[in-house]
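1. sequence plus the predicted model coming up.
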Amino acid sequence: MNDVGRPARRYFLKKRDVKNLLEEILNRYPGFPLRDVRSIEIAEFDDLILYLFEGKASFFRVQGRLIPSLTFLLDIGFGWLPQVYVDRGAAKAMVRGADLMIPGVKRLTGSFSVGSIVVIVDEESKAPIAIGEALIDSSSLLEVIVKSGRGKAFKNIHHVGDRMWSITMLIR
């Protein structure tokens, strides 16, 4: 496996490929705010691809899925994604790689279905700390929270301090 900061290959996408990638992103994330990106560079690693928009580490492709990078969300904001606000205990566990359990969820912004990508936000600092994959849809989650439910709500797929975070910090 390559060193965290050294991609196996790095190159710029052709114009038509930039257009296709932006269409894919807009289909997956309709509220995505940057529609006029002209330059996209790719950094290929052994098990993932990093897309750099105008030089900023923006999205990862991991196992075929496009995942926004947390550093990109810090740069451009995250209001275009569904948000899940968590308490301090859940935030601490998530930055160590834990999945998000229902009791840690404090509030939701936006709606989502099972399999959707959401940004996990520390309720206290209002900072994005993880990207999660929903294991339950938003309306069902709200019902379960009211009933003081238990169980796993989101799979942690990218968090502060993980390998993807380290890559974006080195490439910035």
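-> Received, thanks.

2. okay, now residue 110: neighbour count?
-> The number of residues packed near residue 110 is 15, by other Cβ atoms under 10 Å. Yep, even glycine has a C-beta here, placed from its N, CA and C like the rest.

3. any idea how far it lies from residue 139?
-> Relative to residue 139, residue 110 is positioned 12 Å away (Cβ to Cβ, to the nearest Å).

4. what stretches of this structure score poorly on pLDDT?
-> Within the chain, the stretches with pLDDT under 70 are 1-5, 172.

5. if we go to 50?
-> For the chain, the stretches with pLDDT under 50 are 1-2.

6. who are the packing partners of the longest helix along it?
-> Looking across the chain with DSSP state H, the single longest helix is helix 15-28. Applying 3 or more Cβ pairs under 8 Å, 6 or more residues apart in numbering; DSSP states H and E, one finds that helix 15-28 contacts strand 40-44, strand 65-68.

7. can you give the domain ranges for this protein?
-> With domains defined by automatic domain parsing, the chain comprises 9-76+163-171, 83-159.

8. so which of those is the most surrounded?
-> domain 83-159 (a mean of 18; mean count of other Cβ atoms under 10 Å).

9. start and end of that domain, how far apart?
-> Terminal residues of domain 83-159 are spaced 14 Å apart (Cα to Cα, to the nearest Å).

10. how about the helices and strands packed on helix 15-28 in a markdown table, adding distance to residue 31?
-> Below are the helices and strands packed on helix 15-28 laid out as a markdown table (distance: least, Cβ to Cβ, whole Å):
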| stretch | distance to residue 31 |
| --- | --- |
| strand 40-44 | 19 |
| strand 65-68 | 12 |
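
11. what's next to the longest helix of the chain, contact-wise?
-> Contacts with helix 15-28, where a contact means Cβ atoms under 8 Å, 6 or more residues apart in numbering, come from 13, 32, 35, 37-40, 51, 59, 66, 117.

12. give the contact list for residue 41.
-> Residue 41 is in contact with 10-13, 51-52, 55, counting by Cβ under 8 Å, 6+ apart.

13. quick one: the helices in this protein?
-> Along the chain, counting by DSSP H, helices occupy 15-28, 70-76, 88-94, 138-146, 163-171.

14. distance to residue 106 for those - can I get that in TSV?
-> Putting those into TSV (distance: least, Cβ to Cβ, whole Å) gives the following:
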stretch	distance to residue 106
helix 15-28	26
helix 70-76	19
helix 88-94	8
helix 138-146	9
helix 163-171	23
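
15. select, out of the ones you listed, the one closest to residue 127.
-> helix 70-76 (7.6 Å; Cβ to Cβ).
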